[in-house]
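[1] Just a sequence and a predicted model for now, questions to come.
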Amino acid sequence: MIIKVRGKIKYIVILFLFTLFINFNLNLVLFKGHKNYEKIYIHTQSENHYTEQWIKDPSFDSPLEFWNIDIEGDTSDVNTTLDQSEANMHVLGERRLFTIIADPPSSSNWTEIDNPEFPNRPQVSNITTEGCFVSHTFADQTAIQNPSVHWDNNLSISQDMSDYLITSASVKAVVYANVSTDIDREDDTEARDDGFYSMDQYALGDYIKFYVLVSDIEKSKVYEIASYFTNDLGEGNPPGVDLLTDTYMVSVPEEALIFYLSSVISSDNHNFTLTLGIRLNTEDNVADYYDIDTFHEIIIKYVNLSFTYEKKIDRFTSISWNQIGNKVNDLSEYEIEINAAILNFKYKINNDWPSLLSPNSEIRILINDIKIIESIKLIDTTFSTIFLDAKAGGFNIRSLISKGDNISISIQLYLADDFILDQLISLSIDDVFLEISYTELIPDQDNSMFLIWLVILALLVVIGILGSLSIRSYVYLPRKQKKKLYLMLRTQKFKDIENIHAILLIHRTSGLPIFTHSYSDLMKGKKTLFSGFIQAITVIGEEISHKEPDEYETIKFSDKLDFHKIVELDLKAFFCLILDVEELRTVLILKSKSSKRLKQIMFNFTFALYLKISNNLKDFDNDLSYYKKEVPPFLNTFFELNYKHQFKINYQYSDLQKVKSKFRLNKILVKILNTIFTILNGKSSFKLMDIIEQFNQKNEDLIIDALESLIEQEIIIPIDSIIR
């Protein structure tokens, strides 16, 4: 009855105040027509002046949170890094050297093949310890007048040469020959050493051609880059031997060599073939009888091909650091006038810019994707170890700022030319500031509203008092009870996890355990007793299953009754929970009597697991490997037993300050980490319950919150998160 009276009083008070408010405003409206109204209610106007720094993280302390990177054009030409809170933009020039040295050529790298133009090989051709070797004797009745042989070496360059340019090249090759003077040259008079056969036929004479070729792998392009002809080797009449001592081949000019190499490599931009060749020319110089020409040793002893190549930089490639800021209009509910906007930053460059190669490249500034007129030409920059202001006094960008749009800032390194670059050039920026000065215009104010708001305020105070009584009765107290219940459930979870000694899953028909896992020393050293205990549990379960339904212990879940029985046995040393679902029997070994929450989780777990493994249980063949794989994920999902496992900390104690800063840890998280390091004291792991026990139970919810936060951020992690 008292509650009803109080409720009526509240409604009467609210009705009275509402009537008073309506009456006051009606009189105020009528009074506005009075001749003294303007004198009583004075109008005012004001302006407020401010200056705001618009850039977030101007010193690049946490750049990935506020800044983003944009690359346009050839992404292999530029990249970006962070170094000690500096934003670096790199132009990826480089010079590389490719060299192949065969001293002498080896059969492991060089493959002997036919010369497609002169396919007949000499009598002897191979690779010896001295190099590529040929020996041949010409007898005109069985003559091969142009024997030849090649040795190929397929070479590969790891870089994509379409992005590089060969800038220098050289080839060197050393040859040797040992021949009889019975080979015929222009000044010879005798063709053989018996003194009867003079030369009566002559064209070019007998000679050797040594050469080096480059080609693409398919040999659609073949170029000769070095060669040597023997013009006078073998001069003189037989008998005798003539030598060509170690001699360099003659290479093509460097410009031609660069062109040939570039051409063959361009076929696939990675691979090409280097070929060493020897060809003999022998002529039949004696009429009516044999002409014999003997080449004892012909050797290519050494070859060295080297070339340097430099990175191509493509025009219109750019890299930029960008940030999107707020709107100016968001600063106030009133009208805003922008007075000034000044942008400035600091920069340095680690090498002088190659002005002759790229005179037009520059540092650009874009506001809302519009390039400002002023820029910094890279040819005007010089190497510096300290940061310099981009412009004394900064860049005036007032004309590019719109009050209603988000302000985007972009500092861009823009490459305006095609050029080659033999070194890395880095442009670093720091301390990016945009200061915007503005005026807040507050419109005329009618002071008559002050009285209206005063009445409204009084009305709200009274209503607030009355409302607070209702909130306390209908909102605060229920919330408090709900929060208390939530805390009980959370702390109960850890109590239930700690309460579990062991878990057993039994195939009811056979009575055999299909899965067991222990979390205590209860059964340690008692394997026989443990096996007997399982059998006893099976017998007890069978006895229970033959009872009538009215003897079942019924557990109510989600407002439904389920007659699958959960039986709890008090075995003095421990408690035992048993639940049967068809062929599956679940047994929990507990330290103490179970909670209603634990029974419900056991109920949900058993039904869910049975649905997963029911087919295997019906066709049970004593193979336990299937259950070792399938059961653990269900245990972790329902019982969260990974909390019982040993945990480790991902950091060293010396890293604590860095971890605190990186994850923004509060005092309680830091205190827990200190506690963990104290508990470890030389050990490699710990348990969560050891941490909880170190703190006051009144703060148990806060400790659980903190531990879950540390797990979520992977500062602490379970050593083995899945039961095996």
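    Everything's here; your move.
[2] what does the domain assignment say about the chain?
    Taking automatic domain parsing as the criterion, the chain consists of the domains 51-94+314-443, 104-313, 490-627, 647-718.
[3] Centre of the chain to the first one, how far?
    Relative to the mean C-alpha coordinate of its chain, domain 51-94+314-443 is positioned 25 Å out (Cα atoms, centre = their mean, to the nearest Å).
[4] Mind checking the domains of the chain for the one nearest to L635?
    Among the domains of the chain, domain 490-627 comes nearest to L635, with 6.7 Å by Cβ to Cβ. Heads up, the C-betas are built off the backbone N, CA and C, glycines and all.
[5] Let's test this: mean pLDDT of that closest one, rounded?
    In this model, domain 490-627 has a mean pLDDT of 74.
[6] swap in stretch 116-126?
    The predicted model assigns stretch 116-126 a mean pLDDT of 95.
[7] Tabulate the domains of the chain (CSV), appending mean neighbour count and distance to L641.
    Below are the domains of the chain laid out as CSV (neighbours: other Cβ atoms under 10 Å; distance: least, Cβ to Cβ, whole Å):
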stretch, mean neighbour count, distance to L641
domain 51-94+314-443, 16, 37
domain 104-313, 18, 51
domain 490-627, 15, 7
domain 647-718, 15, 10
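[8] closest to F639 out of those domains?
    Among the domains of the chain, domain 490-627 comes nearest to F639, with 6.2 Å by Cβ to Cβ.
[9] got the contact list for stretch 653-664?
    With contact meaning Cβ atoms under 8 Å, 6 or more residues apart in numbering, stretch 653-664 is reached by Y651, L665, L669, V670, L673, N674, F677, Q713, I715.
[10] Return the residues in contact with the fifth one.
    This means L673. By Cβ under 8 Å, 6+ apart, L673 lies in contact with I649, L656, V659, L665, L710, I715.
[11] Doesn't the third one belong to a strand?
    Okay, so that is V659. No: counting by DSSP: H, G, I helix; E, B strand; the rest coil, V659 falls outside a strand, being helix.
[12] Next, find the distance separating it from I649.
    As judged by Cβ to Cβ, to the nearest Å, V659 and I649 stand 9 Å apart.
[13] Could you tell me which residues touch both of the two?
    L673, I715.
[14] which SSE is L505 in?
    strand 500-507 (DSSP states H and E).
[15] Give the next helix or strand downstream of that strand.
    From strand 500-507, the next helix or strand downstream (DSSP H and E) is strand 512-518.
[16] Run the chain-centre distance for that following strand.
    With Cα atoms, centre = their mean, you get 42 Å for strand 512-518.
[17] SS state for the residue in the chain sticking out farthest from the centre?
    Seen from the C-alpha centroid of the chain, the residue lying at the greatest distance (Cα atoms, centre = their mean) is F196, 85.0 Å away. Put simply, F196 is coil when judged by three-state DSSP.
[18] which residues touch it?
    By Cβ under 8 Å, 6+ apart, F196 lies in contact with nothing.
[19] Now do it, the pLDDT please.
    Looking at F196, its pLDDT reads 76.
[20] Who are the contact partners of A340?
    N396, R398, E435, I436, S437.
[21] got the phi/psi numbers for the residue lying closest to the third one once chain neighbours are set aside?
    Counting by Cβ to Cβ, 6 or more residues apart in numbering, I342 is the residue found nearest to E435 once chain neighbours are left out, at 5.2 Å. The phi and psi values for I342, taken as degrees, to the nearest 10, are phi -120, psi 120.
[22] Pairing partners for I342 in the sheet, please.
    Per DSSP bridges, the residues bridged to I342 are N396, E435.
[23] show me the contacts for it.
    G393, G394, F395, N396, I397, L434, E435.
[24] quick one on the thing from earlier: show me what the strand holding L505 is packed up against.
    strand 512-518, helix 527-545, strand 584-590, helix 625-639 (3 or more Cβ pairs under 8 Å, 6 or more residues apart in numbering; DSSP states H and E).
[25] tilt between the first one and strand 500-507?
    Counting by axes from the mean of the first three to the mean of the last three Cα atoms, to 10 degrees, strand 512-518 points 170 degrees away from the direction of strand 500-507.
[26] Check which helices and strands strand 512-518 sits against.
    Using 3+ Cβ pairs under 8 Å, 6+ apart, strand 512-518 sits against strand 500-507, helix 625-639.
[27] buried sites along the longest one?
    Right, the one you point to is helix 625-639. Buried residues in helix 625-639, counting neighbours by 16 or more other Cβ atoms under 10 Å, are found at Y627, V631, P632, F634, L635, N636, F638, F639.
[28] Alpha carbons of it, as PDB, please.
    As requested, the backbone C-alpha atoms of helix 625-639 are provided in PDB (Å, rounded to 0.1, in the frame of the first residue of the first chain):
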ATOM      1  CA  SER A 625      44.100 -44.500 -32.300                       C
ATOM      2  CA  TYR A 626      40.900 -42.900 -33.800                       C
ATOM      3  CA  TYR A 627      39.800 -41.700 -30.300                       C
ATOM      4  CA  LYS A 628      43.200 -40.300 -29.400                       C
ATOM      5  CA  LYS A 629      42.800 -38.000 -32.400                       C
ATOM      6  CA  GLU A 630      39.100 -37.000 -32.100                       C
ATOM      7  CA  VAL A 631      38.600 -36.700 -28.400                       C
ATOM      8  CA  PRO A 632      41.100 -34.000 -27.300                       C
ATOM      9  CA  PRO A 633      39.600 -31.100 -29.300                       C
ATOM     10  CA  PHE A 634      36.200 -31.800 -27.700                       C
ATOM     11  CA  LEU A 635      37.700 -31.800 -24.200                       C
ATOM     12  CA  ASN A 636      39.400 -28.400 -24.800                       C
ATOM     13  CA  THR A 637      36.300 -26.900 -26.300                       C
ATOM     14  CA  PHE A 638      33.900 -27.900 -23.500                       C
ATOM     15  CA  PHE A 639      36.100 -28.200 -20.400                       C
END
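[29] what about that helix, distance to the chain center?
    Using Cα atoms, centre = their mean, the offset of helix 625-639 from its chain centre is 33 Å.
[30] Who are the packing partners of the helix or strand that comes right after it?
    Next helix or strand after helix 625-639 toward the C-terminus (DSSP H and E): strand 647-649. Counting contacts by 3+ Cβ pairs under 8 Å, 6+ apart, strand 647-649 packs against helix 667-680, strand 716-718.
[31] Give me the distance between the residue farthest from the centre of the chain and S685.
    For F196 relative to S685 (Cβ to Cβ), the value is 102 Å.
[32] what does T678 give?
    From T678 over to S685 the distance is 14 Å, taken as Cβ to Cβ.
[33] got it, and V174?
    On the measure of Cβ to Cβ, V174 and S685 end up 68 Å apart.
[34] P105 too?
    Applying Cβ to Cβ, one obtains 61 Å for the distance of P105 from S685.
[35] coming back round to it: looking at the contacts of stretch 653-664, spot the one nearest A573.
    Relative to A573, the closest of the contacts of stretch 653-664 is F677; by Cβ to Cβ it sits at 35.9 Å.
[36] That closest one - nearest residue in space that isn't next to it in sequence?
    Here the residue nearest F677, using Cβ to Cβ, 6+ apart, is Y653, at 4.9 Å.
[37] Kindly report the same for E218.
    The nearest residue in space to E218 (Cβ to Cβ, 6+ apart) is S267, at 7.0 Å.
[38] ditto for I668
    A706 (5.2 Å).
[39] With L280 instead?
    P147 (5.2 Å).
[40] Helix, strand or coil: sort out E708 for me.
    helix.
[41] show me what contacts it?
    Listed by Cβ under 8 Å, 6+ apart, the contact set of E708 is empty.
[42] likewise L233?
    L233 sits next to A177, V179, I183, R185, Y207, I208, D242, L244 when contact means Cβ under 8 Å, 6+ apart.
[43] again, 10 Å this time
    Counting by Cβ atoms under 10 Å, 6 or more residues apart in numbering, L233 makes contact with 177-179, 181, 183, 185, 205-208, 242-244, 295, 298.
[44] quick one: which of those residues is nearest S158?
    Checking the contacts of L233 against S158 by Cβ to Cβ gives I298 as the nearest, at 35.4 Å.
[45] quick one: secondary structure of that closest one?
    Assignment for I298 (three-state DSSP): strand.
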